[in-house]
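>>> Next comes the sequence, and after it the predicted model I'd like to discuss.
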Amino acid sequence: MKKIMLDAGHGPATPGKRTPDGSMREFEFNSAVADLAAAMLGAEGITVRLAHEAGRDVPLSERARKANTWGADAFISIHANAYGSGWNDANGIETYIYPQAQKQSEILAGHLQQALVAAGGRKNRGVKRQNFAVVRETRMPAALLECGFMTNKTEAALLKNTRYRRQCARAITFAVVNWYYGRGL
């Protein structure tokens, strides 16, 4: 059985995770894309569980523990980026893996980054390494996605847009399916 844990990064009440004008909280984008991707992956025969909850901010260690206990094949955390607290020109898509990540994390992250850039038509900021808790504490291939900047007016409008959210979910689904087939599963 193919098993993916999706995580809508942060939680509904996480302070500061919103557009500068307050018109969108990051969790709104993250959870919408996670729900869409879960449905799309399910249609591809992949079992999906969610690490987050709509009613509370699930601690990062609990998110990782859920994936580890379940035995997920991969963990994908979905985010919207920010630079500072005001509007600015920072833009694009980037994907993060743990600095000492296993090779399959690199491969999965590469698939995700390429698919998101192609689907969204945004600047490719590349795959980067960072010591984020959810990619450090998970025992399976893991990636953290930044699908655009909430602090960029153009990208903030996209992040609020249902069509863009669907494009991101389709890109995640495409990348995961290609990753599985590349592994011969």
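Cool, got the structure. Only a predicted model underlies this, so the values are computations on that prediction, with no experimental measurement involved.

>>> and V127, that's in a strand?
Yes. Assigned with DSSP: H, G, I helix; E, B strand; the rest coil, V127 falls within a strand.

>>> Can you list the strands that the strand or helix carrying M5 pairs with?
Taking DSSP states H and E as the definition, M5 sits inside strand 3-8. Using DSSP bridges, the strands paired with strand 3-8 in its sheet are strand 47-50 (parallel), strand 74-81 (parallel).

>>> what about the closest residue to R136 other than its chain neighbours, neighbour count?
Take R136 and drop its neighbours on the chain: the residue closest to it by C-beta to C-beta, 6 or more residues apart in numbering is Y98, 5.0 Å away. All C-beta spots, glycine's among them, are computed from the backbone N, C-alpha and C. Residues lying near Y98 (other C-beta atoms under 10 Å) number 21.

>>> doesn't N131 make contact with Y98?
Yes. Y98 lies in contact with N131 (C-beta atoms under 8 Å); the separation is 6.8 Å.

>>> Next, the buried residues of stretch 150-159.
Across stretch 150-159, burial judged by 16 or more other C-beta atoms under 10 Å covers 150-152, 155-156, 158-159.

>>> cool, and stretch 49-58?
Of all the residues in stretch 49-58, those buried under the rule 16+ other C-beta under 10 Å are 50-52, 58.

>>> Just grab the bridge partners of the one residue sitting closest to the centre of the chain for me.
Among the residues of the chain, the one closest to the centroid is I78, at 2.0 Å (C-alpha atoms, centre = their mean). For I78, the beta-bridge partners are A8, L145 (DSSP bridges).

>>> Would you map the strands across the protein?
For the chain, applying DSSP state E gives strands covering 3-8, 47-50, 74-81, 93-97, 124-129, 142-149.

>>> Adding distance to L116 and mean pLDDT, write the strands paired with strand 3-8 out as JSON lines.
Shown next, in JSON lines, are the strands paired with strand 3-8 (distance: least, C-beta to C-beta, whole Å; pLDDT from 0 to 100):
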{"stretch": "strand 47-50", "distance to L116": "18", "mean pLDDT": "98"}
{"stretch": "strand 74-81", "distance to L116": "10", "mean pLDDT": "98"}
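
>>> Nearest to G42 among the buried residues of stretch 49-58?
If you rank these by distance to G42 using C-beta to C-beta, L50 comes first, at 11.8 Å.

>>> how close does the closest one sit to S77?
In this structure, L50 and S77 are 11 Å apart, going by C-beta to C-beta, to the nearest Å.

>>> Now for the two: what residues contact both?
Both L50 and S77 are contacted by D7, under the criterion C-beta atoms under 8 Å, 6 or more residues apart in numbering.

>>> Understood, closing this out.
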